[in-house]
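Q: Compute the structure for the input listed below.
(2 chains, ligands or ions: 2)
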Amino acid sequence: MATTIRMPALSPTMEHGKLARWLVKEGERVAPGDVIAEIETDKATMEVESDDGGVVARLLVDEGAQNVPVGAPIAVIAEEGEALDEAALEAAPAPAGAPRGAGQADAPAPAAPQPEPAPQAAAPQVAAPQVAVSAAPQVAAPGDGGPDPARNLSITAPPMTDPVYGDDVTFKEMTVREALRDAMAEEMRRDEAVFLMGEEVAQYQGAYKVSQGLLEEFGERRVVDTPITEYGFSGLGVGAAFAGLKPIIEFMTFNFAMQAIDHIINSAAKTLYMSGGALAVPVVFRGPNGAAARVAAQHSQDYSAWYAHVPGLKVIAPHSAADAKGLLKAAIRDPGPVVFLENELLYGHKFPVPQVEDHVLPIGRARIARVGTDVTIAAYSMGMEYALAAAGMLAEEGISAEVIDLRSLRPLDVPAIVESVKKTNRLVTVEEGWPVCSIGAEIARRVMQEAFDWLDAPVLTVNGKDVPMPYAANLEKLALPTAQDVVDAAHSVLYR
Amino acid sequence: MARKTASAAKRPAAPRKAARKSRKRAPAVADFTRDEEFAALRTMLLVRRFEEKAGQLYGMGHIGGFCHLYIGQEAVVTGVFMARRADDEVITSYRCHGHAIVSGADPKAVMAELTGRAGGISHGKGGSMHIFNTAGHFWGGHGIVGAQVPLGTGLAFARRYGGSDQVSLTFFGEGAANQGQVYESFNMASIWKLPVVYVIENNRYAMGTAVTRSAARPEELYMRGAAFGIPGEQVDGMDVRAVKAAAERAIAHARSGKGPYILEMQTYRYRGHSMSDPAKYRTREEVQKMRQEHDPIEQVKRRLLDKEWASAEDLKEVDAQVRKIVTAAAEFATSAPQPADEELWTDVYAQAGRG
Ligand SMILES: Cc1ncc(C[n+]2csc(CCOP(=O)(O)OP(=O)(O)O)c2C)c(N)n1
Ligand SMILES: [Mg+2]
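A: Ligands and ions are numbered 1, 2, ... in the order given. The predicted structure is shown next:
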């Protein structure tokens, strides 16, 4: 069968080029790999090889022709003795802009047989009507597919709910640290492919003692101390996940994950997509995130918004011990990469944890931590401390605040927030991270799009101040949000 | 101390040329003059007493967060600075108080930085891990393990670019020596023949991880540049004379345009990694043995006494002078006011025409 040779692209941006020279004539025999032509662009000259062997049946473009569009047929190679289907040949689209015999066409080449542009991933006009959140007209953002969870990957598809435990289930007060340790231990018992790797996780029992006892129970094969090489061991973890293991990669703190963020995003988050679904990466990156106490700019930062920005990642930031346990277990079982953001200052906090065999929670669902009617406060991780304290202070003034613990930042439980806003008509978000492009900013965007008509005041975001974390005690205090900031914001949105 | 001397032939992995240039055993160290011994003693004592005081202030709640003390390692910074020209550049990790003080930073301003006060060298905004003294050619105080290695290489690049013969002295721990960016730096420094001396402060532990558990070929970190053609030397980092002599060779090499040089300083930290360190990874005996047999300050004192260059009284006098400086620093650091609230918002962006 005759094959058509097309104008090749020399670079991703090349649209057309000049056929500088033919190195073969019609009727000549070519072997696979023979150079048949030279192509020029403003950047380079390249040789065009014939992939197939055969006889040059047609040269479709004159030597010296300019502006030959990428993808336009330039030659036909036929099998020896093959009678060319002349009719089909004539039907082959002539290279626009440089038809054979037209010589130097000076008109700009219209796009000829170029690859079809990829369909837009986000099609708001399709997405918008699918979820009827309100009777008000829906305005969908062009980038993220609007409120439809099937297209908008940063929000959750309902309905997934927390397990409901009966009266027979007892609760035990546990620290977040213990809950995380138990989650890992249970999953490691359950699945031999799960292992823990990181700095000081084994012999030292964890820099913050989260992996206490795991080395003793699971041994050096599954609890692995690494050198201080975040980029290396994160990449190694992703490679191990390619090969079927389920690594838990611990960062001593997420500040040091910046050394490894390339692997978290480029190697872990994008691989399933790049491989067309062939290669899932079941890895958990976990460790303390956010401000610790008095450790200054390079050791105090909330990375939530950074990771929540990335399609392909799930991002979890729990507050309570029960959520930490149930969500870490879910993260370890998740078939894809999960960034699990803990908080050093919360490790020692105690919360009731259900004493059941397998406490697993759905990723992507928020939890109403306190029911209220006047204002919604949405927070996560350390922000929940400020939110709950503020709700208590507001209650004393007779203001009923509903507090939502987001728990998962991607997917984000926008329906839960919208539901609450429909009731309270006012929303304040709380986080320690910087205000610009923050989780709060994202929530404000979603709520504006999906519950605009229910808002009686602009959404206010309470954030850490827009500066690197200072060391001095008084400045550090000023840099972080407080419960009073949340109370003030609530007053603002309530206009009182 | 008898050390096994690995011959170049026993290290087939190392390229011949670098192996020949690298040495595990320094030549016999030249004695210090009386003045040099005294200078070394004063500097090491100042660093030690400063750090002891910092430890006390931490215990009293005046210092917060992380606080990494340099106690035990004083000979490294002292010996290197004795070999350094005053305009040679210096950069290190968060374990930086000693480097800052020896670079000429006012101990008061450094201590006040540790307590987070307005009089701190960074107005209290950087804290213990991020001390800078650019006037003294000291470029910080970096909290991310290994990050200062390319930064120090960049200092060398800039100096050579400007036609100067200043050398960059880039300090990092043996734990940091496993970071990838260290080797990216080695490669660039070597191909561009940058005037940088890499000083590995091998204090045997990175937090709770012994070098033997984290490093391939832990006995010869000085060979880490071999693949890049960078000569290296292993040095008794508890002997300030050996440190100075090796630093002189390394700096001369770098200054003469021959490119980078690696010094592996074998040293030891007496205290925990930071202030809260259960120290279960080593025995008390191990620490005691180092203190008793290898203490860099005691070595100098002993020599001064043995040679009758100093009396016990003289040594006490040095100590008293140093204590005075440190006490004044602590007083300043605990009585100075906190930074003004407006400082929160300053120094985020550079202003044109400043800095
Ligand atoms: C990239 C990075 N990972 C982890 C840490 C946490 N950390 C701080 S110091 C340290 C040990 C460093 O050891 P070493 O380089 O030998 O220096 P030393 O503390 O002994 O002076 C670790 C793991 C960090 N600061 N940066
Ligand atoms: Mg060390």
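Q: Show the contacting residues for the residue sitting nearest the centre point of chain B.
A: Centroid-nearest residue in chain B: residue B:77, 4.4 Å away (criterion: Cα atoms, centre = their mean). Residue B:77 is in contact with B:47, B:70, B:98, B:99, B:102, B:171, counting by Cβ atoms under 8 Å, 6 or more residues apart in numbering or on different chains. Placement of C-beta: from N, CA and C, glycine included.
Q: and the gap between the closest residue to chain A within the stretch 101-250 of chain B and residue B:339?
A: Closest approach between the stretch 101-250 of chain B and chain A, counting by Cβ to the nearest Cβ: residue B:127, at 3.0 Å. According to Cβ to Cβ, to the nearest Å, residue B:127 stands 12 Å off from residue B:339.
Q: Over to residue A:471?
A: Applying Cβ to Cβ to residue A:471 and residue B:339 gives a distance of 9 Å.
Q: Adding distance to ligand 1, secondary structure and pLDDT, write the contacts of residue B:77 out as TSV.
A: Formatted as TSV, those follow (distance: Cβ to the nearest ligand atom, whole Å; DSSP: H, G, I helix; E, B strand; the rest coil; pLDDT from 0 to 100):
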residue	distance to ligand 1	secondary structure	pLDDT
B:47	14	helix	98
B:70	8	coil	98
B:98	11	helix	98
B:99	11	helix	98
B:102	16	helix	98
B:171	9	strand	98
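Q: In ChimeraX, how would I select the buried members of those?
A: In ChimeraX, this line selects whichever of the contacts of residue B:77 come out buried by 16 or more other Cβ atoms under 10 Å in any protein chain shown:
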select /B:47,70,98,99,102,171
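Q: As a markdown table, the contacts of residue B:77 with distance to ligand 2 would be great.
A: What follows is these, written out as a markdown table (distance: Cβ to the ion, whole Å):
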| residue | distance to ligand 2 |
| --- | --- |
| B:47 | 17 |
| B:70 | 11 |
| B:98 | 14 |
| B:99 | 15 |
| B:102 | 19 |
| B:171 | 11 |
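Q: any chance of the contacts of residue B:77 in JSON lines, with distance to residue A:217 too?
A: Formatted as JSON lines, the contacts of residue B:77 follow (distance: Cβ to Cβ, whole Å):
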{"residue": "B:47", "distance to residue A:217": "43"}
{"residue": "B:70", "distance to residue A:217": "38"}
{"residue": "B:98", "distance to residue A:217": "41"}
{"residue": "B:99", "distance to residue A:217": "42"}
{"residue": "B:102", "distance to residue A:217": "47"}
{"residue": "B:171", "distance to residue A:217": "39"}
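Q: of all the contacts of residue B:77, which comes closest to residue A:343?
A: Residue A:343 lies nearest to residue B:70 out of the contacts of residue B:77, by Cβ to Cβ, at 30.5 Å.
Q: which ones are touching the nearest residue to the closest one once chain neighbours are set aside?
A: Spatial nearest neighbour of residue B:70, chain neighbours left out: residue B:98 (4.1 Å); criterion: Cβ to Cβ, 6 or more residues apart in numbering or on different chains. By Cβ under 8 Å, 6+ apart, the contact set of residue B:98 is B:47, B:50, B:51, B:70, B:73, B:74, B:77.
Q: How far does the helix or strand that residue A:185 is a member of sit from its chain's centre?
A: Per DSSP states H and E, residue A:185 falls inside helix A:176-190. Put simply, helix A:176-190 sits 25 Å off its chain's centre (Cα atoms, centre = their mean, to the nearest Å).
Q: Name the SS class of the residue nearest to the centre of chain B, please.
A: helix (DSSP: H, G, I helix; E, B strand; the rest coil).
Q: Once you drop chain neighbours, what's closest to it?
A: The nearest residue in space to residue B:77 (Cβ to Cβ, 6+ apart) is residue B:98, at 4.7 Å.
Q: what packs against the host helix or strand of residue A:247?
A: Using DSSP H and E, residue A:247 falls within strand A:246-250. Applying 3 or more Cβ pairs under 8 Å, 6 or more residues apart in numbering or on different chains; DSSP states H and E, we find strand A:246-250 packed against strand A:194-198, helix A:230-242, strand A:284-288.
Q: Comparing the ones you listed, which stretch has the densest surroundings?
A: strand A:284-288 (a mean of 26; mean count of other Cβ atoms under 10 Å in any protein chain shown).
Q: Averaged pLDDT, the helix or strand that it is followed by. What do you get?
A: Downstream of strand A:284-288, the next assigned helix or strand under DSSP H and E is helix A:304-308. Helix A:304-308 shows a mean pLDDT of 98.
Q: Identify the residues contacting helix A:304-308?
A: A:154, A:261, A:264, A:289-290, A:313, A:315, A:317, A:339, A:341, A:380-381, A:409-410, A:412, A:431, A:433-434, A:437-439, A:441-442.
Q: With stretch A:40-59 instead?
A: Outside stretch A:40-59, the residues that touch it by Cβ under 8 Å, 6+ apart are A:2-3, A:5, A:8, A:10-11, A:14, A:17-18, A:20, A:22, A:24-39, A:74-80, A:82, A:84, A:89, A:100.
Q: what distance separates the start and the end of it?
A: When the termini of stretch A:40-59 are compared using Cα to Cα, to the nearest Å, they are 17 Å apart.
Q: Give me the buried stretch members for that stretch, please.
A: Buried-residue list, stretch A:40-59, by 16+ other Cβ under 10 Å: A:40, A:41, A:46, A:48, A:50, A:52, A:54, A:55, A:56, A:57, A:58, A:59.
Q: Need the residues you listed in JSON lines (columns: pLDDT).
A: Below are the buried residues of stretch A:40-59 laid out as JSON lines (pLDDT from 0 to 100):
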{"residue": "A:40", "pLDDT": "86"}
{"residue": "A:41", "pLDDT": "77"}
{"residue": "A:46", "pLDDT": "80"}
{"residue": "A:48", "pLDDT": "82"}
{"residue": "A:50", "pLDDT": "80"}
{"residue": "A:52", "pLDDT": "77"}
{"residue": "A:54", "pLDDT": "89"}
{"residue": "A:55", "pLDDT": "91"}
{"residue": "A:56", "pLDDT": "92"}
{"residue": "A:57", "pLDDT": "90"}
{"residue": "A:58", "pLDDT": "91"}
{"residue": "A:59", "pLDDT": "93"}
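Q: so of those, which ones are in strands?
A: Judged by DSSP state E, the buried residues of stretch A:40-59 include A:40, A:46, A:48, A:54, A:55, A:56, A:57, A:58, A:59 as members of strands.
Q: Nothing else from me, thank you.
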